[in-house]
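A.B. asks: Task: produce atomic coordinates for the following.
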Amino acid sequence: MRYIQRQTPTRLYSEPVQDTAYRAHDAIEVRIRDLSKVGAVLDAVMNRGVTDIAPVQFTATKVIGAQLEALREATVRARGQAQAMAEASGMRLGAVLSLSTQPDYSYEYSSLQLRGTTMGSMALDGGPVSTVVVQPAISVSVTVYGRWALVR
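C.D. replies: Numbering: from 1, shown residues only. This next block holds a predicted model:
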């Protein structure tokens, strides 16, 4: 650090001037598969003096069971909507013409396709820890597009 001299009408004084400022930043990412250890890891990091901690993020790696359940529920909802429309028009629901998780853009009346969307959740279980970490539910969303024949 260096000093520069300034003069006022009544006196002469020195003022510190900073020539250069340095700033260092380190970051570390920790991935934990055992959710019961998240609180202990946070405690250890804070005990080391780290106070700037980014929000904890959760990602599910095994969601196939929740996806299959959501797919079943969305299909039931789409069929229920089709059944209600058929009955309201004085008809019955016939055979399934198509079911998909992707819209059928080749269908001439695609804007009339029935769609059942469902969102479920998959709970993440964890054990007791010293720092309480609220473990969220991971949302799973599925949309089913269906077409049915109408029978008089």
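
A.B. asks: Now do the strands in the chain.
C.D. replies: Remark: strands assigned in the chain by DSSP state E are 2-7, 12-17, 92-100, 114-122, 138-151.

A.B. asks: Tell me how many other residues crowd Ile64.
C.D. replies: 8 (other C-beta atoms under 10 Å). Quick note: C-beta positions are derived from backbone N, CA and C, even for glycine.

A.B. asks: Worst mean pLDDT among the strands of the chain?
C.D. replies: Lowest mean pLDDT within the strands of the chain: strand 114-122, a mean of 48.

A.B. asks: okay, and for this structure, where does confidence drop off?
C.D. replies: 1-5, 10, 13, 17-19, 104-136 (pLDDT under 70).

A.B. asks: Can you find which helix in it contains the most residues?
C.D. replies: The residue-count maximum for a helix in the chain (DSSP state H) belongs to helix 64-88.

A.B. asks: Only the buried residues of it, if you could.
C.D. replies: Ala66, Ala70, Leu71, Glu73, Ala74, Thr75, Arg77, Ala78, Arg79, Ala82, Ala86 (16 or more other C-beta atoms under 10 Å).

A.B. asks: which one of those sits closest to Ile138?
C.D. replies: Ala66 (7.7 Å; C-beta to C-beta).

A.B. asks: still on that earlier bit, for the longest helix of the chain, enumerate the helices and strands it packs against.
C.D. replies: strand 92-100, strand 114-122, strand 138-151 (3 or more C-beta pairs under 8 Å, 6 or more residues apart in numbering; DSSP states H and E).

A.B. asks: angle of it against strand 92-100?
C.D. replies: 150 degrees (axes from the mean of the first three to the mean of the last three C-alpha atoms, to 10 degrees).

A.B. asks: right, and the helices and strands packed on helix 64-88 - which one's nearest Ala24?
C.D. replies: Short answer: strand 138-151, nearest of the helices and strands packed on helix 64-88 by C-beta to C-beta, at 35.8 Å.

A.B. asks: in that closest one, what's buried?
C.D. replies: So for strand 138-151, counting by 16+ other C-beta under 10 Å, buried means Ile138, Val140, Val142, Thr143, Val144, Tyr145, Gly146, Arg147, Trp148.

A.B. asks: okay, these in a markdown table with distance to Val30 next?
C.D. replies: A markdown table is the format used below for the buried residues of strand 138-151 (distance: C-beta to C-beta, whole Å):
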| residue | distance to Val30 |
| --- | --- |
| Ile138 | 19 |
| Val140 | 25 |
| Val142 | 32 |
| Thr143 | 35 |
| Val144 | 38 |
| Tyr145 | 41 |
| Gly146 | 44 |
| Arg147 | 48 |
| Trp148 | 51 |
